[in-house]
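Trainee: here is the input, now give the coordinates:
(chains A and B)
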Amino acid sequence: MLSGCDRSHDSATQLIVTGSTTILPIAEQAGEGFVRASPDTSVLVSGLGSSAGIEAVMTGTSEIGSSSRDLKAEEEGLGLVDTPIAFDGIAVIVNPTNPVSDLTVEQLRAVFSGQITNWRQLGGEDRGIDLVNRDEASGTREAFKKAVMSDDARFDSSAVVLPGTGQVRDVVSRSKGAIGYISVGFVEPRFASRRVKALSVNGVVPTEETVTTQEYPIARTLHFFTKGEPTGLAARYIAYVLSDEVQQGVVVDAGFVPVSERNGQ
Amino acid sequence: MTSEQPQALVKGELTLVSRETQVKEWLLAALFFSCAFVAVLGVALIFAFVGWKAWPILSDVGLSEFLLGRVWAPSDGSYGILALIQGSFVVTLGALALGTPLAVGTAVFLSEIASPGMRSVVRPAVELLAGIPSVVYGFFGVVLLRPIIGELTGSVGFGPLTAWIVLAIMIVPTIAALSEDALNSIPMGIREASYAMGATQWQTIYKVVVPAAKIGIIDAIILGMGRAIGETMAVLMLVGNAPQFFAGVGEPISTLTSQIVMDMGYSTGTHRTALFGMAAILFVISMSLVLAVRLLSKLRD
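Mentor: Here you go, the predicted model:
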């Protein structure tokens, strides 16, 4: 299947973007807009995972590798240039009736690995903690795992696993002892009738601002990696993704924080 | 044998009619044969495909490690599905335990007790249950039932109990319709004989009619079991999808079907092979159920 990528393509008119499934909607919709503006080009976008994207841009089968994680130690110093395209914060949510409103990352780790099982241990009511986790395909789970969990503290396998952000939000909004995590952009969506409470983590409330300034600890950067400084079509596409049109449109619609807001500081 | 003789004669005479009729007859036979053949071909292709895709699991993971492994954590390389098999059976058997009395009771009411007017209301209502899409059942369970069960069990409300109640309602139409057929096939004379001996209606039902229709009712229950074990969407929405062993009626578990759907979208390599392995297991289970029904019908005849 990968042999198809070996075919040389004309990089003046065709751009290949491979990598993160989280970034897929941004890269795809931006690609459609880009091709509409310059019809003689084409942008091929695929979501094979962040690692596959980094691998592809290193071996030269893609011009751009998209990744929702940072480079690993062994990937540093190989000439990859990082262009952040958006930020995303992950809010830890509980039922609005829950008196607990702040937890540290260490406490979260103990909760989600099943070491702490009662809210009383966290200064709340005497009530069992009901963990609500996401499925393994979820990028949100992956990012939360990287920011909070460790090798000795894996996710508790007795947690309820739900396949979507909306379902996590709904269950937490209805269950007094529940705790879950969702993208910051979904804590207060436009049409939700029931409320959830986002906890502050290490004393920092998750807002677009604290995510932007990186004060809030459970956040991630969404990257485009290129081999060397982007040139030609890749440079034009990246410039388009960083333009207000995409940043305030596609990026905001997808629930992420535009990168332009941090650069502006 | 002798009774078939005249029929063969008639068939022989058919060949004497015009060639046009003969061709038409032949084409129709071919048409109906191909209709039947598509179904057989479908089963064979699915069986071959699932088997072919699942086969590498034997070398990648090993049969005993796959079937008896206690940990399902594909990201860590653990592919044991014992907890999922247990989950499937916990959900199915619980649903049967709740649904069977309900369904058989409905069938007895429709066949033995209800007046024709009553029957014309109740039967369509039960049949309508079969027409409700399973995602609607799941939604009903999540929105209405889950919070109540959560209150009762002191948990989030995802788990076997919620799935049992919803699945029990889902399998009622299957079991009720087939049980009613079985009860209706019992000759009137048997009931009349029972009443003639001075038995009451209740005595007639539980001592005579239901025992006489026993095999048909067991048939119905097995088919209901097939429906329950293969149910995916409603189960996925209700069991909580935590791949752990049964820990209580309010604690989340996972089943073969729901786990396949959860993981299908992103799995690769051995993980995907393991999903096909789970599909193969489901295939074997439902084939055994169909086989059991066949054997039972033979017994009845």
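Trainee: which parts of the stretch 151-265 of chain A are strands?
Mentor: Ranges of strands in the stretch 151-265 of chain A, per DSSP state E, counting those that start in this stretch, are A:160-162, A:178-183, A:197-198, A:200-201, A:219-227, A:257-258.
Trainee: of all these, which one comes closest to A:D40?
Mentor: Among the strands of the stretch 151-265 of chain A, the nearest to A:D40 by C-beta to C-beta is strand A:219-227 (21.6 Å). Any C-beta I mention is one placed from the backbone N, CA and C, and that applies to glycine too.
Trainee: quick one, longest helix in the chain?
Mentor: Because you didn't say which chain, this covers chain A. With secondary structure taken from DSSP state H, chain A has its longest helix at helix A:24-37.
Trainee: to clarify, I was referring to chain B.
Mentor: Chain B, longest helix under DSSP H: helix B:19-54.
Trainee: thinking again about what came up before, quick one: which of the strands of the stretch 151-265 of chain A is nearest chain B?
Mentor: Proximity to chain B, assessed across those by C-beta to the nearest C-beta, is greatest for strand A:160-162 (4.0 Å).
Trainee: name every strand pairing with that closest one and say which way it goes.
Mentor: strand A:130-134 (parallel) (DSSP bridges).
Trainee: hmm, who's touching the next helix-or-strand element following the partner strand?
Mentor: Where DSSP states H and E defines the elements, the next helix or strand beyond strand A:130-134 is helix A:139-148. Outside helix A:139-148, the residues that touch it by C-beta atoms under 8 Å, 6 or more residues apart in numbering or on different chains are A:20-22, A:68-69, A:88, A:90, A:105, A:108-109, A:112, A:133-135, A:155, A:165, A:181-183, A:217-220.
Trainee: mind exporting the C-alpha coordinates of helix A:139-148 to PDB?
Mentor: Presented in PDB, the C-alpha positions along helix A:139-148 are these (Å, rounded to 0.1, in the frame of the first residue of the first chain):
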ATOM      1  CA  GLY A 139      -6.900  12.000  20.000                       C
ATOM      2  CA  THR A 140      -8.300  13.700  23.100                       C
ATOM      3  CA  ARG A 141      -7.600  10.500  25.100                       C
ATOM      4  CA  GLU A 142      -4.100  10.300  23.600                       C
ATOM      5  CA  ALA A 143      -3.300  13.900  24.600                       C
ATOM      6  CA  PHE A 144      -4.800  13.600  28.000                       C
ATOM      7  CA  LYS A 145      -2.800  10.400  28.500                       C
ATOM      8  CA  LYS A 146       0.400  12.200  27.500                       C
ATOM      9  CA  ALA A 147      -0.200  15.200  29.700                       C
ATOM     10  CA  VAL A 148      -1.500  13.400  32.800                       C
END
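Trainee: please, where are all the strands along the stretch 1-150 of chain B?
Mentor: So, for the stretch 1-150 of chain B - with DSSP E, counting those that start in this stretch - the strands run B:72-73, B:78-79.
Trainee: on the three-state scheme, the residue lying farthest from the centre of chain A is what?
Mentor: Of all residues in chain A, A:D126 sits farthest from the chain's C-alpha centroid, using C-alpha atoms, centre = their mean; the distance is 33.5 Å. Following DSSP: H, G, I helix; E, B strand; the rest coil, A:D126 is assigned to coil.
Trainee: my read: it touches A:T117, true?
Mentor: No. Between A:D126 and A:T117 there is no contact under C-beta atoms under 8 Å: 11.5 Å.
Trainee: burial check on residue 40, number of neighbours?
Mentor: Going with chain A. 7 (other C-beta atoms under 10 Å in any protein chain shown).
Trainee: nope, chain B
Mentor: For B:V40, the neighbour count with other C-beta under 10 Å is 9.
Trainee: quick check: buried residues in stretch A:149-162?
Mentor: A:M149, A:A153, A:F155, A:D156, A:S157, A:S158, A:A159, A:V160, A:V161, A:L162 (16 or more other C-beta atoms under 10 Å in any protein chain shown).
Trainee: name the nearest residue to the last one, ignoring sequence neighbours.
Mentor: The shortest distance from A:L162 to any non-neighbouring residue, by C-beta to C-beta, 6 or more residues apart in numbering or on different chains, is to A:V168 (5.2 Å).
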